[in-house]
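>>> sequence first, predicted model second:
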Amino acid sequence: MTFGDATVVAMLGPAHGAPVTLVAQPTAPPEDPGGRGEDFGKSTPVGLVVLIVFFVAVFFLVRSMNKHLRRVPESFDPPADGEQAGDRKD
């Protein structure tokens, strides 16, 4: 069913006395390219700066993670007889 320039869809509930749900969506004009205007797909220098900042942040996060992982012991089992808890064979 159409109502002016909007399409209306009516859905009845399980019984005839149930409330009616209406969904209205205006029809798009034929000259509208669907959001792909003149500037679609173009980036700005600000986008490049943001991307470079993200890459630098990821680099330092990976570097920090590697430093912390080197400090993790090879095994969390209790040390054998004669070894100190802080000693580690490299």
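Everything's here; your move.
>>> helices of this protein, start to end?
For the chain, the helices defined by DSSP state H cover 45-70.
>>> just the strands from it, written as ranges.
Taking DSSP state E to define them, one finds strands in the chain at 2-3, 6-11, 21-26.
>>> which stretch in the ones you listed has the least confidence?
Among the strands of the chain, strand 6-11 carries the lowest mean pLDDT, a mean of 52.
>>> point out where this protein drops to low pLDDT.
Of all residues in the chain, those with pLDDT under 70 make up the ranges 1-20, 28-30, 32-35, 82-90.
>>> at 50 instead, please
8 (pLDDT under 50).
>>> distance of residue 46 relative to residue 52?
According to CB to CB, to the nearest Å, residue 46 and residue 52 sit 11 Å apart. C-beta: built from backbone N, CA, C; applies to glycine.
>>> and if you look at residue 64?
19 Å.
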